[in-house]
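Engineer: with the input below, show me the fold.
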Amino acid sequence: MDSDALLLARIQFGFTISFHIIFPAITIGLASYLAVLEGCWLRTRKTVYRDLYHFWTKIFAVNFGMGVVSGLVMAYQFGTNWSFFSDFAGSVTGPLLAYEVLTAFFLEAGFLGVMLFGWSRVGPGLHFFSTIMVALGTLVSATWILASNSWMQTPAGYEILDGRVVPTDWLAVIFNPSFPYRLAHMGIAAFLATALMVGASGAWHLLRGERSPAVKKMFAMAMAMLAISAPLQAVVGDFHGLNTLKHQPAKIAAIEGHWDNEPGAGVPLTLFGIPDMEREETRYAVNIPRLGSLILTHSWDGQFPGLKSYPPEDRPNATVVFWSFRVMAGLGMLMIALAAWALWARWRGRLYQSRALQRFALWMGPSGLVALLAGWYVTEIGRQPWIVYGVMRTADAATRHGVGELTLTLALFVAVYLFVFGAGVSYMLRLIRMGPTPAPGHAPLSGGPGEPRQPSRPLSAASTSADASYASRSATGA
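Structural biologist: Below is the predicted model of the structure:
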């Protein structure tokens, strides 16, 4: 395949998945947050939790819809742009994606309607159960998707027969070497991104002088979640890095901008620099001696292979991987700093008064999603030139399209995505700007014909005011 066409095919898939990954991440975090809010409301009967539940449910619904639409487009691309990959590895990736639909998606779809529209139509126990099932469905969905993608990173439990992958051990396929670390890392990233978004929403309203209990509560809950998940993510990231060093050492070399080892010397940690693929060096490097060895091998003088240990055609793009990782890690450090600042402000009783803290939280609102995307780029670009690591090259997986076809479709994707999802995101931001408002409680446990819990007509979702209007016109003969 022409190299320019291959690059365009990769950019097109990278563009669509970059849009898609944002929405499921928010869906995962918001679904669990909604379950916590409703649980707190049922346990305490404090209206602040009920008001926050209804406020964030609206945003969740819009985000969920955009996630489904963007996911469908991405799934079609496996057939249109990566047909040779589907033919080669479809016996593994196909069933895993089917399991995701049969378990997670059906679970979400089955209870989503009750969660979104059943607050005044079913009992509080059933409604809470529906919210939990939707939250569980998002986590199960992430599990199957990451099992499939992790198998592409660290394939296991298979053999190749007649030029196709054949699964021999499904447990080994699913629980491949990188799966547990990547699942934990992605799950925490989703909770982090959501906590930062909720925290930014609370900070925005606080800076405008709104001091309602709902605004204060969502800001405090977001900062508490950040204080738990941000340090935990750093620990999980360390384990993930050690696993990657074991199974994908070329990716680690690209992350570190590390080209070769000096005999008897530890590997420095390169804070900044510009990896040059042609000159095979990291220019303008700012190094801390031996710290790379300490972090990645947990020893003072440990070494790991540099990029020069691999043929040029087997090296990932170190420049992109190097800087994507630093964006992710740098934002992670800022998240920990924000969490520590919020804890200190809460201890001093100034969590809702510190405007500097609130401005920092507001500016950090998108950082969780930016860090998530940067980490995804590290993972996927760092795997190159393999689509299934060590088994199938990306160049062998792409459908043989021409440059013109890929250029046209990429331009159409960019235009349509910016219009459709730009409108969706704008609507979500408008909902956030409106802020939480008092919401109704659950429906009473009794009710007769025409009451919300016992509809008297098929189209009971229509408002009761419509019935009253119709009855009035009938009485007057209109």
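Engineer: so how far is stretch 167-174 from its chain's centroid?
Structural biologist: Mean-position distance between stretch 167-174 and its chain equals 25 Å (Cα atoms, centre = their mean, to the nearest Å).
Engineer: revised request: answer the last question for stretch 383-394.
Structural biologist: With Cα atoms, centre = their mean, you get 23 Å for stretch 383-394.
Engineer: that's a helix at residue 302, yeah?
Structural biologist: No - under DSSP: H, G, I helix; E, B strand; the rest coil, residue 302 falls outside any helix and is assigned coil.
Engineer: how many residues are close by the closest residue to it other than its chain neighbours?
Structural biologist: If the residues on either side of it in the chain are set aside, residue 302 comes closest to residue 293, at 4.4 Å by Cβ to Cβ, 6 or more residues apart in numbering. For every residue, glycine as well, the C-beta is placed using N, CA and C. Using other Cβ atoms under 10 Å, residue 293 is surrounded by 21 other residues.
Engineer: and for the helix or strand hosting residue 293, what's in contact with it?
Structural biologist: Element membership for residue 293 (DSSP states H and E) is helix 291-297. Contact with helix 291-297 is made by 238, 241-242, 245, 252, 256, 258, 266-270, 299-304, as judged by Cβ atoms under 8 Å, 6 or more residues apart in numbering.
Engineer: show me what the mean pLDDT comes to for that helix.
Structural biologist: Helix 291-297 shows a mean pLDDT of 81.
Engineer: quick one: mean pLDDT over whatever helix or strand comes next after it.
Structural biologist: Remark: after helix 291-297, the chain's next helix or strand is helix 318-347, criterion DSSP H and E. The predicted model gives helix 318-347 an average pLDDT of 92.
Engineer: swap in stretch 118-135?
Structural biologist: 88.
Engineer: just the buried residues of that stretch, please?
Structural biologist: For stretch 118-135, burial by neighbour count (16 or more other Cβ atoms under 10 Å) applies to 118-119, 121-122, 127-135.
Engineer: just the CA coordinates for it, please, in PDB.
Structural biologist: Listed next in PDB are the C-alpha coordinates belonging to stretch 118-135 (Å, rounded to 0.1, in the frame of the first residue of the first chain):
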ATOM      1  CA  GLY A 118     -38.800   6.400  35.000                       C
ATOM      2  CA  TRP A 119     -38.200   8.700  37.900                       C
ATOM      3  CA  SER A 120     -41.900   9.400  38.300                       C
ATOM      4  CA  ARG A 121     -43.100   6.100  36.800                       C
ATOM      5  CA  VAL A 122     -41.400   3.400  38.800                       C
ATOM      6  CA  GLY A 123     -40.600   2.900  42.400                       C
ATOM      7  CA  PRO A 124     -37.400   4.300  43.900                       C
ATOM      8  CA  GLY A 125     -35.900   0.800  44.400                       C
ATOM      9  CA  LEU A 126     -36.400  -0.200  40.800                       C
ATOM     10  CA  HIS A 127     -35.100   3.200  39.500                       C
ATOM     11  CA  PHE A 128     -32.000   2.900  41.600                       C
ATOM     12  CA  PHE A 129     -31.400  -0.600  40.400                       C
ATOM     13  CA  SER A 130     -31.700   0.600  36.800                       C
ATOM     14  CA  THR A 131     -29.100   3.300  37.500                       C
ATOM     15  CA  ILE A 132     -26.700   0.700  38.900                       C
ATOM     16  CA  MET A 133     -27.300  -1.600  35.900                       C
ATOM     17  CA  VAL A 134     -26.400   1.200  33.500                       C
ATOM     18  CA  ALA A 135     -23.300   2.100  35.500                       C
END
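Engineer: hmm, back to that, of the contacts of helix 291-297, grab the buried ones for PyMOL.
Structural biologist: With 16+ other Cβ under 10 Å as the criterion, this PyMOL line picks the buried residues out of the contacts of helix 291-297:
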select buried, resi 241+245+252+256+258+266+267+268+269+270+303+304
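Engineer: so how far is the helix holding residue 293 from its chain's centroid?
Structural biologist: 28 Å.
Engineer: can you check stretch 243-253 too?
Structural biologist: That offset, for stretch 243-253, works out to 23 Å (Cα atoms, centre = their mean).
Engineer: got the buried residues for that stretch?
Structural biologist: 243-245, 247-253.
Engineer: kindly report the same for stretch 168-177.
Structural biologist: Those would be 173-177, for stretch 168-177 by 16+ other Cβ under 10 Å.
Engineer: cool, stretch 62-77 as well?
Structural biologist: Of the residues in stretch 62-77, those buried (16+ other Cβ under 10 Å) are 63-64, 66-71, 77.
Engineer: residues contacting residue 172?
Structural biologist: So residue 172 contacts 156-157 (Cβ under 8 Å, 6+ apart).
Engineer: so it is in which element?
Structural biologist: helix 170-174.
Engineer: counting contacts, what elements does the helix or strand following that helix pack onto?
Structural biologist: Scanning forward in sequence from helix 170-174 by DSSP H and E, the next helix or strand is helix 179-207. On a contact count with 3 or more Cβ pairs under 8 Å, 6 or more residues apart in numbering; DSSP states H and E, helix 179-207 meets helix 3-44, helix 124-153, helix 213-247, helix 355-363, helix 367-383, helix 403-434.
Engineer: if we can go back for a sec, from the buried residues of stretch 168-177, which is closest to residue 433?
Structural biologist: residue 174 (42.5 Å; Cβ to Cβ).
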